[in-house]
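A.B. asks: structural data only, the sequence is not supplied:
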């Protein structure tokens, strides 16, 4: 769109590939795995395997929906379409809440790592890290992708190096070292705390894998979202199997599960056990990279959630303001402010306010995953088979099993006394957000009733149309809406090769370019027609997907009326994809009018 609220497609395929590869590797793996090994024993890698299966299922379900309909809001849009506005609202705000607290937590964690090398106040180093990542995100989405590319590259390279060296070590391909797997059965056996400990540990393990879904959000700001999402979804199985299960298995073989070596960072202890010099410096640097990567991704994800919510009028309108580089600056800065507040809370009230913030975000990502899973079951039946590039395996049985597994993990959290506060406080946060949603809806309905009673006037009309933009039926509808002729109009013409009708006129190589040219020509003709009738009109040609084009246009123009013009049902690709109802569902506060224009005798 030509308006300033358009996110730029600044992420390249290499950025998305590395974001997908490194998205699930955080400080939780490098540090938290030691806690899991201590509490589970050598079988800890099985806990990672089971948690990994759950993440893979959720990502597969999300990948199916995202490749069929790439959206900036990703899973929040699918929850809204499948379950209603309350689901989309709560999924977006829960995800935002989770990541802004992660931002503050990771800033504190990164500052603590820096104390290994620098003697400076913790708050000052936390502030420095926050400012660095804020600048990265505010500058451009490309700079975010570039930083994440190198951060993720370091994490992935470290894990691969550890897997190679660790495998050589345990197999005896090491100086003065023979094959040795004794730590798997020594010190109390393979399951020293019983089989139940494997299931219990899943609650801790699953949170170290959070982040895989970021790739589906970031893909919307790339040139080829479907291809990027399909790659990320298809590779998640291999990533979790190798990076998590493989490396934790090696840790259990190299180190005794009940030793003090697994306490702080088992990777440092394992590298030291192999006799590699400067292990502490190397791994601390890698963990710092993982922390910065998580902080960087968290700020990106939180800001995009605010951007989407603002477009739905469920967050302040300022959040959709975009810089000339296509970055939602206000949304980024607002999310950063919450991160600063978390840092302050960690400094002045670590055992009360900061602890509550951490606990209250503990289960929210599971709520989001639950909404993703349920949404996929609902939307699968509404999606044409030819649009599903990625499909969930064994539908609906694996989808239902995934939903049951998420509910089982939540039940397990309630049964564990140590993590029960996380579940209860997270439920409280969800309840508050649902309450806010219904309050907002009630106020809107009240305002609409009062407004309708006082004034029957529309000021800003958004027209979504392509071939039908010059139809007499559309002009009649616009004159009916604005009898006084005082409204301002914005015409959005999606540049889709089917809607523009260029496929039969040009070769496939030139379809994209010709589609844009055709959309631009039709837009100019439409604006001339509207202006000839005395209407104040401007416009832009949008994304080839009509719902994405509409999203950008709504965010840019902030209309109080939407008019969608199509051909009749049997001749309209838009109606085949239920565009009108999806628009009404996505923007419940904005009246959406549908105009049907007759097919012309000859298609141009």
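C.D. replies: Arrived safely, thanks for sending. Worth saying up front: this structure is predicted, and the values here are computed from it rather than measured.
A.B. asks: how much space between residue 230 and residue 424?
C.D. replies: Residue 230 sits 38 Å away from residue 424 when distances are taken as CB to CB, to the nearest Å. For glycine as for every other residue, the C-beta is placed from the backbone atoms N, C-alpha and C.
A.B. asks: those two - which one has more neighbours?
C.D. replies: A count of neighbours by other CB atoms under 10 Å puts residue 230 above the other of residue 230 and residue 424, at 18 against 15.
A.B. asks: what stretches of the stretch 151-300 of the chain score poorly on pLDDT?
C.D. replies: Counting by pLDDT under 70, the stretch 151-300 of the chain contains low-confidence ranges at 212, 215-225, 228, 232, 260-264.
A.B. asks: please report phi then psi for residue 186.
C.D. replies: Per-residue torsions, residue 186: phi -80, psi 170 (degrees, to the nearest 10).
A.B. asks: quick one: residue 400 from residue 277, how far?
C.D. replies: Residue 400 sits 52 Å away from residue 277, taking CB to CB as the criterion.
A.B. asks: what is the burial count for residue 84?
C.D. replies: Residues near residue 84, counting by other CB under 10 Å: 13.
A.B. asks: and it, what does it touch?
C.D. replies: Residue 84 makes contacts with residue 585, as judged by CB atoms under 8 Å, 6 or more residues apart in numbering.
A.B. asks: got phi/psi on it?
C.D. replies: Main-chain dihedrals, residue 84, degrees, to the nearest 10: phi 120, psi 170.
A.B. asks: what's the pLDDT at it?
C.D. replies: pLDDT, residue 84: 85.
A.B. asks: please report how far it lies from residue 176.
C.D. replies: Distance, residue 84 to residue 176, by CB to CB: 65 Å.
A.B. asks: over to residue 63?
C.D. replies: 47 Å.
A.B. asks: same question, residue 257
C.D. replies: 24 Å.
A.B. asks: between these two, tell me which one has more neighbours.
C.D. replies: Using other CB under 10 Å as the criterion, residue 257 and residue 176 rank with residue 257 on top: 28 against 5.
A.B. asks: touching, the more buried one and residue 36? I think so.
C.D. replies: No: Residue 257 is not in contact with residue 36 according to CB atoms under 8 Å; the separation is 9.9 Å.
A.B. asks: hey, what's in contact with both of those two?
C.D. replies: Counting by CB under 8 Å, 6+ apart, the residues touching both residue 257 and residue 36 are residue 44.
A.B. asks: so who does the nearest residue to residue 318 once chain neighbours are set aside touch?
C.D. replies: Nearest non-adjacent residue to residue 318, counting by CB to CB, 6 or more residues apart in numbering: residue 330, 4.8 Å away. The neighbours of residue 330, taking CB under 8 Å, 6+ apart as the test, are 318, 319, 321.
A.B. asks: which SSE is the nearest residue to the last one once chain neighbours are set aside in?
C.D. replies: So that's residue 321. Once flanking residues are discounted, residue 321 sits nearest to residue 330: 5.0 Å by CB to CB, 6+ apart. For residue 330, the host element (DSSP states H and E) is helix 329-348.
A.B. asks: what residues sit buried inside that helix?
C.D. replies: 329-332, 334-336, 338-343, 345-346 (16 or more other CB atoms under 10 Å).
A.B. asks: then stretch 385-402?
C.D. replies: Within stretch 385-402, the residues that qualify as buried are 390, 391, 392, 395, 399, 402, counting by 16+ other CB under 10 Å.
A.B. asks: what's the answer for stretch 199-208, then?
C.D. replies: Across stretch 199-208, burial judged by 16+ other CB under 10 Å covers 200, 201, 202, 203, 204, 205, 206, 207, 208.
A.B. asks: from what I can see the second one touches residue 40, true?
C.D. replies: Think residue 201. Yes: counting by CB under 8 Å, residue 201 touches residue 40, with 4.6 Å between them.
A.B. asks: what do those two both touch?
C.D. replies: Joint contacts of residue 201 and residue 40 (CB under 8 Å, 6+ apart) are residue 47.
A.B. asks: now the helices for the stretch 101-250 of the chain?
C.D. replies: Secondary structure of the stretch 101-250 of the chain (DSSP state H, counting those that start in this stretch): helices located at 122-139, 141-170, 196-205, 214-218, 225-239, 247-254.
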